[in-house]
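Asker: sequence first, predicted coordinates after that:
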Amino acid sequence: MHSWVDGQPADALSLKDRGLAYGDGLFETIAVKSGRPQLLERHLQRLAEGCRRLALTADQALIRSELQAYAAALGEGVLKLILTRGNSQRGYAADPATAARRILQGSALPVYPLAHAEQGIRLFPCTTRLAEQPLLAGLKHLNRLEQVLARAEWRDAEHAEGLMRDTSGRVIEGVFSNLFLVSQGRLLTADLSRCGVAGVMRAEILFQAESLGIPAQVGDISLDQLQQADEVFVCNSVYGVWPVLGCAGMSWSAGALTRKLQGITRALLDA
Ligand SMILES: C=C(O[C@@H]1C=C(C(=O)O)C=C[C@H]1N)C(=O)O
Ligand SMILES: Cc1ncc(COP(=O)(O)O)c(C=O)c1O
């Protein structure tokens, strides 16, 4: 399916685009099933928050309608929205009145091995660390070199994801997912006020946990806390939940709470 730029089929972009020049923009990666973008409200909520924090001028209603139209035409797959701050001359300064450029791209759903969800995965212990920058923390912005460097640290099929820590050594997330641990029936996921991406699946899992009366906490996670956990899983808005069986010398089993949340998220992504 053709990409769209500002609502029109297009496969080219201005060389003056600030997303290309400086990573000046945001993106959303949205699963599409039966012609509908899954978890759309959460994606739009994160996008609006990113536009607010980066002072990006974008018509949220227009973005919503375009996403729905593109998803209806795509049918099933991954819909990627890239929002850039449009064109500018050379230099970091931008015209605040410039409207954001909307890029929509469709691709097939990734075919991950069934074993990732059914049995679980191993995490590669990445040495690349996440820089602590509260102004950008939580945003799914276009500056993804940390994830590119981290993902280049392994090529073997034994590791389906990586473990990323921040420059202070805190356990933060995966390379393309968020991370939860379960200890004595309580969920814990990393505080993302310094770095990391506040995933929509992470938000949905925290909402479901509250609805189910499952104790859940957002806070700092040490490597020791991770090692001592009863269960560990990773999540994102494309694959849902994967149990984590090991990382470096640490190991866990795919426990009951992981399976419960995996079932809930699978139903949400197949809705
Ligand atoms: C990196 C992108 O999106 C991330 C990757 C995945 C995935 O590979 O399953 C899903 C959502 C995002 N965390 C991207 O280029 O879209
Ligand atoms: C670095 C990073 N963390 C977490 C996530 C999970 O986000 P989501 O649940 O919105 O897919 C992603 C996916 O884009 C990511 O790239």
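Answerer: Perfect, I can see it now. Ligands and ions are numbered 1, 2, ... in the order given.
Asker: would you tell me which residues of this protein are close to ligand 1?
Answerer: T29, K80, P110, F176, N236, S237, V238, Y239 (CB under 6 Å from any ligand atom). All C-beta spots, glycine's among them, are computed from the backbone N, C-alpha and C.
Asker: show me which of the residues you listed are buried.
Answerer: T29, F176, N236, S237, V238, Y239 (16 or more other CB atoms under 10 Å).
Asker: chain neighbours aside, what residue packs nearest to the second one?
Answerer: Meaning F176. N236 (6.1 Å; CB to CB, 6 or more residues apart in numbering).
Asker: check what pLDDT that neighbour gets.
Answerer: Looking at N236, its pLDDT stands at 98.
Asker: go on, M1?
Answerer: pLDDT, read off for M1, is 87.
Asker: so which residues of this protein form helices?
Answerer: Remark: helices assigned in the chain by DSSP state H are 18-22, 40-54, 60-74, 114-118, 145-151, 200-212, 223-228, 256-269.
Asker: in CSV, list those along with mean pLDDT and mean neighbour count.
Answerer: Below are these laid out as CSV (pLDDT from 0 to 100; neighbours: other CB atoms under 10 Å):
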stretch, mean pLDDT, mean neighbour count
helix 18-22, 98, 18
helix 40-54, 98, 18
helix 60-74, 98, 16
helix 114-118, 97, 13
helix 145-151, 98, 15
helix 200-212, 98, 18
helix 223-228, 98, 15
helix 256-269, 95, 17
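Asker: ligand 2: which of the ones you listed is closest?
Answerer: Among the helices of the chain, the nearest to ligand 2 by CB to the nearest ligand atom is helix 200-212 (3.6 Å).
Asker: and the angle for the closest one with helix 40-54?
Answerer: 120 degrees (axes from the mean of the first three to the mean of the last three CA atoms, to 10 degrees).
Asker: gap between the residue lying farthest from the centre of the chain and S14?
Answerer: What lies farthest from the middle of the chain is Q89; by CA atoms, centre = their mean that is 30.7 Å. For Q89, the distance to S14 equals 12 Å [CB to CB, to the nearest Å].
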